[in-house]
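1. 3D, please:
(4 chains, ligands or ions: 4)
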Amino acid sequence: MSTATPLRLSAEGITKTYGAFAALSDVAFELRAGEVMALLGENGAGKSTIVKILSGLVTADTGTLTIDGETVTITGVASSQAAGIAVVQQEYSTVRTMTVAENLFLGQRSAPWLWRPGRLVARSREILARVGLQDLDPRTRVEELSVAEMQLLEIARVLARDARIIIFDEPTAALSDAEIVRVLEAARRLASEGRSIVYVTHRLGEVFEIADRVTIFRNGRSSPPLEVADLDVDGVVARMIGRELGDLYPPRSSSMGEVALEARGLLAPGFRAPVDLQVRRGEILGITGQLGSGTAELVEALASIRPVIDGSLHIGGRQVQLRNRRAGIAAGIAYCSADRKRDGIFAGASIRQNLSSPWLSAVSRAGFIRTGPEADATKTLAGEFAVDTNRLGTKVGSLSGGNQQKVAVGKWSGIHPDVLLVEEPTRGVDVGARADMYATLRALAESGMAIVVSSSDTNEVLGLSDTVATFYHGRPTAVRPATEWTEHDLVREVMHREEILA
Amino acid sequence: ACSSGSGSSNSSAAEVSGSGTLEGDGALLQVFMPSTSNVYLKAAAESLTAQGEDLGYEVQIVENDFDQTEQDQQVQEFLASGQEAAAFLFWPASAAAATNSIRQLSRVAPVIQWNQAIQPDAEDFVAAYAGVSDTGIGIEAGDNALAALQEAEAAGKTYNGPDGKPNLLEIRFTEGYAAGDDRESAFAEETGDAFNVLAVEPTPTVDAQGGFAAASQVIPQYLDQGIDFIYAHSNDVANGVVQALEQNGLQPGVDVTVITGTSSGDLTNLRSGKIYSAVLQSPVIEGQLVVRTAAQYLATGETQDGDYTLPVDETTPELTVEAPYRETFMMNPQVTAANIDTLRVWDKTFAELN
Amino acid sequence: MTTTAPPPTSTPAPRTAADTWQRKTARIVADYAMPLLVLFVLVLASVTTDGFADGANLRAILISTAITGIAAVGMTAITLTGNLFSLGIGSTVVLCGIVFLAVAGATGSVLVGVLVAVGASLLLGLAQALIVGAGLNPVITTLAFGAIVYGCVAVGTGGEVVTAGSVPVTRLATASVLGLPLPVIIFIAMTALVSFLTARTVTGRRMRLLGENRATAGTSGISAMKGTVVAFASLSVGAALAGILSAAQLRQMQANDLPNLTLDVIAAVLVGGAAINGGEASAVRTALGALLIVILGNVMLLQGLAPGERLFGVGAVVVVLVVLLHLLRKAGAR
Amino acid sequence: MNRLADVSRTYGLQGAILALVIVAVLVVAPDFVGQPAAFSVLERLVPLGIITAGIAVTMIVGELDLSIASVAALSGATAILLSNSGLGLVPVLLVATAAGAAVGALQGWAVARLGISSLVLTVGTLILFRGATSLVTGGVPITPDDYGVSDQLLMRYGVLSPTSITALLVLVVLGVFLSRTRPGMALYAVGGGRNEAVAAGVPLRPTLVIAFAISGGCGALAGALSSLRSASATPDGFTNMLLLGVAAALVGGISLAGGRGGMVNVLLGVVITSTLAAGLSSVGFKAFVAELFTGVLLLAVIGADAAVRWISRRRYLAEQRRQLSGLSAIDLTAAEPEVSRR
Ligand SMILES: Nc1ncnc2c1ncn2[C@@H]1O[C@H](COP(=O)(O)OP(=O)(O)OP(=O)(O)O)[C@@H](O)[C@H]1O
Ligand SMILES: Nc1ncnc2c1ncn2[C@@H]1O[C@H](COP(=O)(O)OP(=O)(O)OP(=O)(O)O)[C@@H](O)[C@H]1O
Ligand SMILES: [Mg+2]
Ligand SMILES: [Mg+2]
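-> Ligands and ions are numbered 1, 2, ... in the order given. Okay, the predicted model is just below:
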């Protein structure tokens, strides 16, 4: 690759805000013809946001875009495709009810108006073979595929498109090594055909294998691209995490009590090995891993949302049977999911109603809600979590992400649980609100709860937890007191596991 | 195999040569009629079946859900089945829309229509009509209204209308229902200008619910002017009207005279005098009559011109081999609280007739 | 009064994205759209239409609304909990009316008739709730039950008009309180009661939250089954009362009665501005929705429009209203 | 083999139900066999089959057009009036269908543009079009001036007729459209996963407009054909067709959740419900008995569906347990972790 290669794409001054939160501020980004550009950055750094802007799923607030010397405006998926851009999205991409072949050609402008299934299947076979799915029947429905197959299918779909610019947003998060090799090969081949590749990933090994240059995002800002040849793993990690943390995190546990949560031989769908686990009162256990590593499955099993197929669970020394979430709550397990909009908040209900939802009966008599006590109790709770107590009648859906998250976590305080399970406590939360959230969680731990925090943000896990466990590929891989981890180790352990294992 | 209906729309009906006997010999009388989930139709179907079997016919009934489209479909299905019928006893779901089905049937066997008058464009296809006369009912209801008027005037009652004429509100059958058209116009003709007609309001459905729905909306509008008479097209509808009157503080039978068409539905109001009179329309007789007419037609292969209204006979007249009239109408005697328990027609009490 | 949305406070919002005055206005208008609209139509009709503002006419409007309104208020709970609506309510109402008359006639006791009818309705509701609560589609389930109930009633009565004989059931419909007949009083009382219960009881709150977001309800330990059972119980009581009163009003009932009821009830709930996906539905607004439809029909009647024209007019108003309410709610939530 | 398994998995339940229904009907109505029976069932494709096809298309795209029966009634009345104005049969059908499609497209546009639930919008238009029908007919049944128009539709070719042939054609054309064309795919994609489809570049608004245009066109064609065949139109015609159509689509295996099913399912659903209705009606069973059985059938279908899902979930869990049991637990409490090395 010579620096003389003309610019395929150049983006300047891109800004995107969600409400008051700036996901991207004044970002610049460039891409040469025939190169693989890696896009790196911590969770929430804004990588997917720029990808979505390029693919037409969201519209930037400001900024200009030039492709092969021409200024283009992207208003939707169609215009993005017309500009020659094809994307493997991090989420939302295949239609589960349709077949593999249909998904391959879905939404493709060059697809024939009338297609013959025979030809479609034959062409599909060719394309699938390029990602190593030659044995997959193109007539299979996507919902029957494994996560890895789905991911490969999405990549195959992009191959089917004749695009100038191809973007992969974390294409390998759910794949095994053999599959990853195929994806990397495909990307390289595309680049050698003269196409430009944007490759978003958390796996540093891949970057060094295929990328020509890297652009690193941090807190919604970009830095100029760097030649990969001039970098090493430690250098990249340092540039990714090099933000000022100040005293974002509260002091760690002063005193841990007796064991509050204990799992023995716990086995649930999605695990690749049974898990033993103990968390003490006052302790925050942080667990982290990539998508598909098993953290989500563990938390959901503990929350009794996912069926447990083997093993036992003990709360405060007593064995509990968790048939469903209600039983979990009765046993003293609070749970706050990763996707608060989906199953963490009632967006159309007021803050007050959200906060009181788990402990309504505590402020009711004979089935009637006593509005006075409810108002008082929610006010106290809101005060503890720094939610504006004057606005308890507001719908939660209209709050900022940070405040929504506070509501989603804070409501559990009212049932005085023994165990609090929290997934991604600060997803989509701005820095100021993050500090509030961490303080909240620490205060809850100090009040005697055992807390399990699952997060893909390594910095957060390290700063917040007393103990940190890493997961990889459906099983835990390492657990140590937080003080024995460095962020560098942790990022390597989670993102760069294959090197350690190799 | 390719067969087709004849192209001309004026092809005349299938001809039968008279068999000379009233005996059915197991021949099929194919009946098309609306659903027996309605009590009147149920009673008619039962009486028809009994009479048919008495005469040695096989009776097969296909019901529709008061839906002409469905009935048309059933006709097609019967014709497709290739079954042979001696005659079709056809109660159109909606006479105004049924001509085409009658036309199709008439090519295979004579169609004896019952219920709702023959439509002008169906004249060529219907062999004979036997059954209710909505015009007759309208006339009888009109007569009853005039009688009630005389009776009350004799008793010195005064009325609210212009020039002391009684104000009359008519709650008629659903818009577009042919029976309602006949009952409305016959009543109007019979009563002339004896009444001051405030309004004619159709019911949404032909039952007490519908009567109530229509009346409870209309009555309040005319409370100021004063309502003296209400003519409801059936006793069933009138039951709803009575309820609406009472809810508006009017006493049916005292403040307002309720005249009704047919005697269907619950009779409590009629017995108590809240409803002044109804007109007998017996499903039992209608069922019997249509089969008797079919048997006569099949025996003779012809009709006598003109129409004939059955007299109010106490005993069932003997069935003879003679050509039926082109149109035979049921008798429509008045029914009131006074005669309801004593009335006898064709060997049956009022209760047995319904 | 709306029961679901607390009034917006005037405190400025520091952390949230700007809560514009347009959005606020839209929200207030959306929240109070029904009462405002009914008021507006009432005033307009009184001014333009002779005889509309008559006491007797207004009373007639209430009477005409009562039966549909009672059933619709009962149905509101179904919509509130996110179970869309029941397509079987019409046949349930008829079943209840017939059971009531038959039992009252056989036992001579109006009370026993009422109790048995309500009991039958509740059993039927429970059966459907168990199916729907287990995650099966409410529309299909209620459609199937509706067909089965209608078939059974038609077979069971053999098409006969069912009456209560000489048992004085009409008293239920004619007894009047404050000059209003009992059905109207029951309609008003039921609206107030359902409204109060959904706003002030644990059960009501949980039902609303369940409809608002079933997944969050799941993680918060709010049982979808319980909420669904209670919602169907409300539907059943509404259907039973509607059936009993309708039967009592006319002292008779038959299988084919009330063919348009299901649609009228659904229209009332929708015109009342219930969110079809649940979480947002109020008994008061549903009642006003039912009332509004009847008022419109009445005005058109008084204006001398033919039935077809009235139907067309009501349809047009329903379309415009549901679209308008939808847009307002969207503007308020954005 | 694979194909066979596929077909039996896709249509197995419906096939089994059809077989059961046929056996049951033969028991009650032993004469319901051969050409006449097949003709009866096929004749019911108009209007039910075409209407079900229209409903099915909106179900596939994840919506539901409740106004379709009212459109049929309006179109039936319009068709009679048009034929009275001297237009020939085919032009009348084309005009009526096009008008219905236009009305449908407008509804689809409103659903897409306003983001309103189609259930809500079409409850309103259901009433509106019914009122319009009343206006067009003047509230009374109307008939054509010349009954000859219906004769062209009442011809018979073996078990087929012009109407059933039209209906089958509609099903075939729609079937090809759905399974073989780009916009057809788009319908499935939008119904199967709206966000995913949009992300993949499927245009949302045109797709919804097409879906509702199809249902409007189907409703109109069914209404016009049916009214011209019977040479009459009534303001309250076709009222039961909405529920019958929805029931047929559901019985046929089309999912309310969207993205699943096709014209084969429509055909199966209509044939199942029509065989039941026609068979029972041929021996004089009342319409409400057929309705009762349809209700039972619906419950059976969703019950069987739920049972299948429950069983496959149990199987999955058992399979997981079998695969994973016997592995030794990894302890998350140990201070020094056991890192398994490959
Ligand atoms: N629709 C939205 N509303 C509010 N905030 C959003 C929305 N989408 C993204 N964000 C926020 O914008 C920020 C950037 O998100 P983005 O998805 O671009 O991160 P990313 O770098 O791709 O992270 P990851 O590595 O986890 O995929 C995050 O804080 C995210 O929570
Ligand atoms: N999802 C629900 N929807 C409606 N009502 C509900 C729901 N869940 C529970 N209820 C009602 O709330 C009341 C309390 O029920 P129950 O005690 O079983 O709930 P719980 O979750 O155990 O409450 P608590 O908070 O007291 O533990 C009962 O009247 C029950 O019917
Ligand atoms: Mg991302
Ligand atoms: Mg409890």
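
2. in the stretch 251-354 of chain B, which residue sits closest to ligand 2?
-> In the stretch 251-354 of chain B, the residue that lies nearest ligand 2 is B:D266 (41.3 Å; CB to the nearest ligand atom). For glycine as for every other residue, the C-beta is placed from the backbone atoms N, C-alpha and C.

3. contacts only, for that residue.
-> Residues in contact with B:D266 (CB atoms under 8 Å, 6 or more residues apart in numbering or on different chains) are B:A208, B:N235, B:D236, B:N239, C:V161, C:T163, C:L250, C:R251, C:Q252.

4. please repeat the previous calculation with a cut-off of 7 Å.
-> Contact analysis of B:D266 by CB atoms under 7 Å, 6 or more residues apart in numbering or on different chains lists B:N239, C:V161, C:T163, C:R251, C:Q252.

5. hang on, it in a strand?
-> No - going by DSSP: H, G, I helix; E, B strand; the rest coil, the assignment for B:D266 is coil, not a strand.

6. and it, what pLDDT?
-> pLDDT for B:D266: 82.

7. now it. Nearest residue, chain neighbours left out?
-> Spatial nearest neighbour of B:D266, excluding adjacent residues (CB to CB, 6 or more residues apart in numbering or on different chains): C:Q252 at 4.4 Å.

8. touching, the one you found and C:E160? I think so.
-> No - using CB atoms under 7 Å, C:Q252 is not in contact with C:E160; the gap is 9.9 Å.

9. have a look at the two and say which one is more surrounded.
-> C:Q252 (27 against 16; other CB atoms under 10 Å in any protein chain shown).

10. identify the bridge partners of the more buried one.
-> C:T163 (DSSP bridges).

11. tell me which residues touch it, please.
-> C:Q252 neighbours (CB under 7 Å, 6+ apart): B:A208, B:N239, B:G265, B:D266, C:L101, C:V161, C:V162, C:T163.

12. what sits closest to the fifth one if chain neighbours are left out?
-> What sits nearest to C:L101 in space, not counting adjacent residues and going by CB to CB, 6+ apart, is C:A164, at 4.4 Å.

13. give me the pLDDT for D:V28.
-> pLDDT, D:V28: 87.

14. over to A:L501?
-> 40.

15. please identify the helix or strand for C:V103.
-> Using DSSP states H and E, C:V103 falls within helix C:89-107.

16. which parts of that helix are buried?
-> C:89-105 (16 or more other CB atoms under 10 Å in any protein chain shown).

17. name the residues that touch the helix or strand following that helix?
-> Downstream of helix C:89-107, the first helix or strand assigned by DSSP H and E is helix C:110-133. By CB under 7 Å, 6+ apart, the residues outside helix C:110-133 that reach it are C:83, C:92, C:95-96, C:99-101, C:103-104, C:107, C:138, C:141-142, C:145, C:149, C:167, C:169, C:172, C:224-225, C:228-229, C:232-233, C:235-237, C:239-240, C:243-244.

18. neighbours of B:E123, how many?
-> B:E123, neighbours per other CB under 10 Å, totals 10.

19. could you do the one 5 residues further on as well?
-> A count of nearby residues for B:A128, using other CB under 10 Å, gives 25.

20. can you name the residue of the stretch 201-342 of chain D nearest to ligand 1?
-> D:L204 (18.1 Å).

21. for ligand 2, see how far away that residue is.
-> As judged by CB to the nearest ligand atom, to the nearest Å, D:L204 and ligand 2 stand 34 Å apart.

22. so which strand or helix has the closest residue to that residue other than its chain neighbours?
-> Closest residue in space to D:L204, ignoring its immediate chain neighbours: D:V198 at 5.6 Å, by CB to CB, 6+ apart. According to DSSP H and E, D:V198 maps onto helix D:194-199.

23. what packs against that helix?
-> On a contact count with 3 or more CB pairs under 7 Å, 6 or more residues apart in numbering or on different chains; DSSP states H and E, helix D:194-199 meets no helix or strand.

24. try it again with 8 Å
-> When contacts are defined as 3 or more CB pairs under 8 Å, 6 or more residues apart in numbering or on different chains; DSSP states H and E, helix D:194-199 sits against helix D:182-192, helix D:204-230.

25. Serialize the ones you listed to TSV and add fields for mean neighbour count.
-> Output for the helices and strands packed on helix D:194-199, formatted as TSV (neighbours: other CB atoms under 10 Å in any protein chain shown):
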stretch	mean neighbour count
helix D:182-192	25
helix D:204-230	28
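
26. export those to a markdown table and tack on distance to D:R156 and mean pLDDT?
-> Putting those into a markdown table (distance: least, CB to CB, whole Å; pLDDT from 0 to 100) gives the following:
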| stretch | distance to D:R156 | mean pLDDT |
| --- | --- | --- |
| helix D:182-192 | 33 | 93 |
| helix D:204-230 | 12 | 96 |
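
27. of all these, which lies closest to D:R322?
-> helix D:182-192 (31.4 Å; CB to CB).

28. how about the closest one and chain C, touching?
-> No - Helix D:182-192 does not reach chain C (CB under 8 Å from any CB of the partner chain); its nearest approach is 15.1 Å.

29. what about stretch C:87-98, near chain B?
-> No - for stretch C:87-98, no contact with chain B is found by CB under 8 Å from any CB; the gap never falls below 9.8 Å.

30. which residues touch stretch C:196-208?
-> For stretch C:196-208, using CB under 8 Å, 6+ apart, the contacting residues are A:349, A:353, A:357, A:360-361, A:364, A:367-369, A:371, C:3-4, C:77, C:80-81, C:217, C:222, C:226-227, C:230-231, C:279, C:282-283.

31. separate out the buried members of those residues.
-> The buried subset of the contacts of stretch C:196-208 - by 16+ other CB under 10 Å - is A:349, A:353, A:357, A:360, A:364, A:369, C:3-4, C:77, C:80-81, C:217, C:222, C:226-227, C:230-231, C:279, C:282-283.

32. which ones among the residues you listed are found in strands?
-> A:S364, A:I369 (DSSP state E).
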